[in-house]
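Engineer: compute the structure for the input listed below.
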Amino acid sequence: MRIGVLASNPDLYSNQRIMEAGAERGHRMSFLDIRQCYMKLDPTEPEVHYRDGRILNNLDAVIPRIRPSQTFYGCALTRHFESIGVFALNGSAAISQSRDKLFSLQLLQQNGLNIPISGFANSPVDTNELIEMVGGAPLIVKLLEGTQGRGVVLAETRKAGESVINAFKSLKANLLVQEFIREAQGRDLRLFVIDNKVVAAIQREAAPGEFRANIHQGGTASVVKVTAEEKRLAIKSAKVLGLKVAGVDIIRSKKGPLLLEVNSSPGLEGIESATRKDVAGGMILAIEKALKWRSLAVQETQPPLP
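Structural biologist: Model (predicted):
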């Protein structure tokens, strides 16, 4: 098969591993810089072009690895590939809604999945009510546009919470206020879901003096045994958001496991290094399965030969 990796940085561990895993399984892999792709919208001949002169319509599949700053264009590009019959491992609609932190939390709660108590408002006038809503201080203030632990602040006192919320609001930033799960002690779980199965799981622990467990913020990763309930939560959350591949972040609380976030372009380095599992290979296998089923479905709908 001809598979394109839609991303920005060819040197990133995750992108290199996906390229390697595909090549090892005999596929023709292409790294496609999202910024060098452009689209032709035409009712008879829609196309995707690359800056080197290639037309990319002959790809069988694409693996979108879209960084947050490129969500709009990356999703538009993925959508265009889908419109010309190229399979996307994660679809554009699923990526879009998973990137909207507020919308994704609303979808998760609507489907009965446990999330931390969260508050959202448009005006600084509602700051006190938001703080009360999540049980007071300490509390988490989270920018909706943040990623990899950036844009997440722990406010240890009510006064600090008011200051952070109002400062963000004065910058016209959209934010969530969330309850702080003290008993987690700076730990969370990352469950990697592919095709409705948890294929690997790690526990991430925050660096000393830090509350964010993200590896990009200095956290460490170790292998962890997850419960059936945690697996169920991860699989259902990926399903609700329509993601074939997802990194699901869960925190253990007194109330049971709570969903923190569902990532549509989860990193591979931390989870592969800790678990020694071929997660990238699992992603390629998911494409093989999907396209095999697609091929069989097309054959079944075709009329018999005369």
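Engineer: burial of L108, as a residue count?
Structural biologist: Residues near L108, counting by other Cβ atoms under 10 Å, number 20. C-beta here means a position set from N, CA and C on the backbone, and glycine is covered the same way.
Engineer: that's a helix at it, yeah?
Structural biologist: Yes. Counting by DSSP: H, G, I helix; E, B strand; the rest coil, L108 falls inside a helix.
Engineer: now A93: which helix or strand?
Structural biologist: Assessed by DSSP states H and E, A93 sits inside helix 92-99.
Engineer: let me fix that: E82
Structural biologist: Going by DSSP H and E, E82 is part of helix 71-83.
Engineer: for that helix, which outside residues touch it?
Structural biologist: 6, 34-35, 37, 39, 41, 46, 48, 56, 59, 62, 64, 66-67, 88, 90-93, 95-96, 99 (Cβ atoms under 8 Å, 6 or more residues apart in numbering).
Engineer: over to stretch 227-236?
Structural biologist: Here stretch 227-236 has contacts from 111, 113-114, 189, 191, 193, 196-198, 201, 226, 246, 248, 250, 256-257, 259, using Cβ under 8 Å, 6+ apart.
Engineer: swap in stretch 114-126?
Structural biologist: Contacts of stretch 114-126 (Cβ under 8 Å, 6+ apart): 102, 105, 108-109, 127, 129-131, 133-135, 140, 165-166, 169-170, 174-179, 181, 233, 251, 253, 255-260.
Engineer: ok so, going back, which of the contacts of helix 71-83 are buried? Put it as a PyMOL command.
Structural biologist: Listed next is the PyMOL selection for buried residues among those, using 16 or more other Cβ atoms under 10 Å:
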select buried, resi 6+34+37+39+48+56+59+62+64+66+88+90+91+92+95+96+99
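Engineer: restricted to helices, list the contacts of helix 71-83.
Structural biologist: The helices, defined by DSSP state H, take in S92, A93, I95, S96, R99 from the contacts of helix 71-83.
Engineer: could you pull out the helices for the stretch 151-300 of the chain?
Structural biologist: Assigned by DSSP state H, counting those that start in this stretch, the stretch 151-300 of the chain shows helices spanning 158-170, 228-241, 269-275, 279-301.
Engineer: buried stuff in stretch 81-88?
Structural biologist: F81, I84, V86, F87, A88.
Engineer: quick one: which of the residues you listed is nearest H27?
Structural biologist: If you rank the buried residues of stretch 81-88 by distance to H27 using Cβ to Cβ, F87 comes first, at 12.7 Å.
Engineer: my guess is that closest one meets I287, correct?
Structural biologist: Yes. Counting by Cβ atoms under 8 Å, I287 is a contact partner of F87 at 6.8 Å.
Engineer: who touches both of the two?
Structural biologist: D60, A61.
Engineer: please work out the average pLDDT along stretch 108-121.
Structural biologist: Mean pLDDT, stretch 108-121: 93.
Engineer: now that stretch: buried residues?
Structural biologist: L108, L113, I115, P116, S118, G119, F120, A121.
Engineer: same check, this time on stretch 269-280
Structural biologist: G270, I271, E272, A274, T275, K277, D278, V279, A280.
Engineer: convert the C-alpha atoms of it to CSV, please.
Structural biologist: The C-alpha coordinates for stretch 269-280 follow below in CSV (Å, rounded to 0.1, in the frame of the first residue of the first chain):
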residue,chain,number,x,y,z
GLU,A,269,8.3,7.6,22.4
GLY,A,270,7.3,7.4,26.1
ILE,A,271,4.9,4.5,25.7
GLU,A,272,7.1,2.4,23.4
SER,A,273,10.2,3.0,25.5
ALA,A,274,8.5,2.0,28.7
THR,A,275,6.5,-1.0,27.5
ARG,A,276,8.8,-2.2,24.6
LYS,A,277,5.7,-2.7,22.5
ASP,A,278,5.5,-2.0,18.8
VAL,A,279,2.7,0.6,19.0
ALA,A,280,3.6,2.0,15.6
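Engineer: from N174, how far off is the spatially most central residue of the chain?
Structural biologist: Of all residues in the chain, the one closest to the mean position by Cα atoms, centre = their mean is N263, 1.7 Å from it. Using Cβ to Cβ, to the nearest Å, N263 is found at 19 Å from N174.
Engineer: give me the below-cutoff pLDDT ranges for the stretch 101-250 of the chain.
Structural biologist: 124, 145-150, 207-219 (pLDDT under 70).
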